[in-house]
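> mind looking at a prediction? Sequence and model below.
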Amino acid sequence: MSKMLAVISRIVSEDISIRVTQYDVLFEAITNAIHAKASKIVCRLNSSDNPMKENGVEIINKKVDTITISDNGEGLNNDNYNSFCKYRTEYKKELGCKGVGRFIFLKVYENAHYKSELKNEQEERTFKFHLDFETDDIKKTPKKANANFTEISFSKLTPSYLDHYKHIDRRIDLDLAAIRDKVLLHLIPTLFFFKKVGASIDIEFIDSTTSNTVSITNNDVPDFYEKKFQVTDKSEIAFDFTLHHRIEKLQGNLNAFYCTNNRTVCEFSEKDFKMSLPYGYSGFLLLESDYLDSHANNERNEFSIYPVRVDMFSSLSWEMINDKLKSTISEIVKEGIPETQKINIVKIREIQNERPYLVNYIDEEDIEMAGFLDKKQIIEKAKKKFDIEKEKLLTNAGKASYSDQELNDAIEIAQNELVSYINDRAQVLERLRTLVDKKERVESIIHNLFMERYSDDDYFSIGKNNLWLLDDRFTTYSYAASEKRIKEVLTEIGEETENTEILEDRPDLSIFFSHNPNDPERLKSVLVEIKPFDYQSKSDRKKFAGIQQLVDYVEAFKSKEKIEEIFAFLITDIDEKLSARLKKDDYIPLFSLESPIFHRFYKEPGISIYVISATTLIKDAEARNKVFLDIIRKQSRLNKILEK
């Protein structure tokens with residue numbers, strides 16, 4: 001008794017991915033029918049579900065149970081059946097057939113019943129394909145056949161796809177429109193290939209529970225243009241790629257796929273290439289190559305290609321392929337979309353405003369089609385290059401001598417690090433502005449923006465705190481404390497705590513500076529009290545109470561021998577009521593473009609207290625940032641490109 005020359009159960013278990021679904025069954029069966037020269041294919045989808053309804057409308061979608069596919073192709077003639085019985089047969093290899101697709105059927109279903117009526121042979125051939133299939137299981141019965149007709153019925157889902165006891169249900173929804181669209185997208189390269197050679201193929205989908213139908217015809221398959229390009233690996237071996245493309249001024253979506261053997265495998269976005277078309281445009285981009293064919297898995301739903309790494313088995317990475325692909329698409333969109341340059345400029349300006357320190361690390365390919373790429377992806381890619389350059393700089397640190405190029409690279413990285421810092425400051429300012437606009441009442445939220453509560457520090461570095469919000473000079477502190485007890489602060493700066501009454505009080509911010517570089521023991525101090533931007537009641541009175549707190553804190557520190565000068569600041573939102581209260585208490589408004597800064601000199605303790613609006617802090621810090629950012633933007637590579 002003849003047997004199929006392979007152990008089917010092992011092929012299904014080991015060679016076919018668990019990722020396949022009923023969609024893959026449809027893709028494979030329909031493709032087989034097309035390769036058998038069928039012009040009419042009918043897919044009947046049935047469900048045994050009886051979903052709940054509300055007002056005649058199903059609350060839960062029915063799921064597909066059985067699938068029956070019929071066609072008028074060549075059928076199971078001797079050549080096709082012999083090929084069916086050989087694992088990895090080379091029959092119809094020129095069409096992209098791998099000789100393993102039928103095993104997908106047994107991953108999802110336990111049985112596939114074949115029936116084929118053959119006109120030339122005037123007989124009907126039937127067999128059941130399952131894990132114990134034998135090649136002589138086929139039954140041949142004489143039958144008058146006026147035309148070829150083949151039918152495959154898939155029944156009984158495997159436990160991996162439907163097991164009510166284990167609450168497993170991986171069936172697809174019986175949604176004809178969705179199924180039709182997914183099949184069209186998957187098979188559009190195949191349908192296009194057959195359309196080019198004059199074949200007319202009609203695929204009909206029938207919901208057996210309702211008799212509703214939808215179909216795919218040649219009219220649904222666009223005529224594509226072709227653009228060829230090459231990708232060269234590190235050994236200078238060039239691989240040919242063909243991009244089938246069609247972009248139209250019609251509202252819709254962009255369908256962009258990597259393909260193999262005239263079938264779509266995955267979208268560009270799945271391989272870190274996210275792009276879109278502007279409103280009012282739609283189209284298809286289908287990339288094919290012998291290289292992609294040779295690196296597709298058996299189920300044609302994945303490639304053995306690394307994102308960046310290459311090796312002897314995969315000499316091209318997705319990064320290498322996508323870089324060339326972007327250049328090719330850039331030419332296409334420039335021809336098909338007149339607004340391309342304008343769209344690119346808008347996206348480039350957005351990136352320049354958001355991440356000015358990355359502008360020198362954006363790839364030329366990304367700049368050329370920036371308007372069609374995902375902004376986040378452009379930024380992430382540029383940041384990766386920036387980080388690599390920084391790491392390279394650190395690796396070379398400590399050398400006895402440096403080349404001019406190394407010095408120039410170091411200067412550029414240092415400049416961009418500084419731009420990054422200024423950019424981060426802009427985001428902090430935006431956060432503070434939001435808190436002011438929303439009249440934030442939670443003091444800790446505001447406080448932590450300046451410096452984390454209950455923390456202290458003895459030197460400033462980027463990212464530690466945001467004391468620059470008060471004044472950039474305040475980042476030169478020798479000691480800073482955030483809501484620390486006075487006795488802890490005094491101990492840290494080397495002062496005695498005796499004769500101080502409010503040792504347990506916690507000033508919001510206590511900042512100390514060396515008064516004289518030649519005498520670091522002599523200190524000057526800045527004390528800051530932060531008040532919420534609003535209160536539920538008596539807001540001005542509660543904000544004003546911060547002044548008395550500052551007076552008490554100043555007196556506690558002023559008596560100490562090391563502290564020679566003290567400045568005190570109250571930071572809050574100054575409204576009309578607080579402004580009136582301050583003026584009544586002899587506070588003098590100083591000139592400011594925004595909310596005024598109020599000042600009063602207390603003769604008795606001999607101290608000055610300033611009341612500053614958070615809005616004024618924002619405007620002042622923004623002005624300091626703007627001068628620097630304007631210089632950077634004018635000198636940036638992107639700005640020179642925009643000027644062109």
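Yes, it's here.

> may I have the beta-bridge partners of the closest residue in space to residue 67 that isn't next to it in sequence?
Of all residues not flanking residue 67 in the chain, residue 154 sits nearest, at 4.5 Å (CB to CB, 6 or more residues apart in numbering). No exception for glycine: its C-beta is placed from N, CA and C like everyone else's. Counting by DSSP bridges, residue 154 is bridged to residue 67, residue 112.

> what is the burial count for residue 154?
For residue 154, the count of nearby residues is 24 (other CB atoms under 10 Å).

> quick one: end-to-end distance for stretch 299-315.
22 Å (CA to CA, to the nearest Å).

> that one: how far from the chain's middle?
Computed by CA atoms, centre = their mean, to the nearest Å, the chain-centroid distance of stretch 299-315 equals 21 Å.

> pLDDT averaged over it - what is it?
In this model, stretch 299-315 has a mean pLDDT of 89.

> list the buried residues for it?
299, 300, 301, 303, 305, 310, 314, 315 (16 or more other CB atoms under 10 Å).

> adding distance to residue 19 and secondary structure, write these out as JSON lines.
Shown next, in JSON lines, are the buried residues of stretch 299-315 (distance: CB to CB, whole Å; DSSP: H, G, I helix; E, B strand; the rest coil):
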{"residue": "299", "distance to residue 19": "7", "secondary structure": "coil"}
{"residue": "300", "distance to residue 19": "11", "secondary structure": "coil"}
{"residue": "301", "distance to residue 19": "6", "secondary structure": "coil"}
{"residue": "303", "distance to residue 19": "13", "secondary structure": "strand"}
{"residue": "305", "distance to residue 19": "17", "secondary structure": "coil"}
{"residue": "310", "distance to residue 19": "25", "secondary structure": "coil"}
{"residue": "314", "distance to residue 19": "20", "secondary structure": "coil"}
{"residue": "315", "distance to residue 19": "26", "secondary structure": "coil"}
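
> mind checking pLDDT for the nearest residue to residue 81 once chain neighbours are set aside?
The shortest distance from residue 81 to any non-neighbouring residue, by CB to CB, 6+ apart, is to residue 138 (6.6 Å). pLDDT, residue 138: 90.

> what's the answer for residue 632, then?
pLDDT recorded at residue 632 is 63.

> same thing with residue 516?
Residue 516 is given a pLDDT of 57.

> next structured bit after the longest helix anywhere in the chain?
Using DSSP state H, we find that the single longest helix of the chain is helix 404-437. As assigned by DSSP states H and E, the chain's next helix or strand after helix 404-437 is helix 443-450.

> for the next helix or strand after that following helix, which helices and strands make contact with it?
Per DSSP H and E, the first helix or strand lying C-terminal to helix 443-450 is strand 455-457. Judged by 3 or more CB pairs under 8 Å, 6 or more residues apart in numbering; DSSP states H and E, strand 455-457 is in contact with strand 479-482, helix 486-492.

> now tabulate the ones you listed in TSV and tack on distance to residue 409, mean neighbour count and mean pLDDT.
Shown next, in TSV, are the helices and strands packed on strand 455-457 (distance: least, CB to CB, whole Å; neighbours: other CB atoms under 10 Å; pLDDT from 0 to 100):
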stretch	distance to residue 409	mean neighbour count	mean pLDDT
strand 479-482	34	24	89
helix 486-492	41	18	86
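
> mind checking these for the one nearest to residue 547?
Closest of the helices and strands packed on strand 455-457 to residue 547 is helix 486-492, at 17.7 Å (criterion: CB to CB).

> thinking again about what came up before, which phi and psi does the residue nearest to residue 81 have?
In terms of degrees, to the nearest 10, the main-chain angles of residue 138 are phi -70, psi 140.

> residues contacting it?
Neighbouring residues of residue 138 by CB atoms under 8 Å, 6 or more residues apart in numbering: 76, 81, 125, 126, 127.
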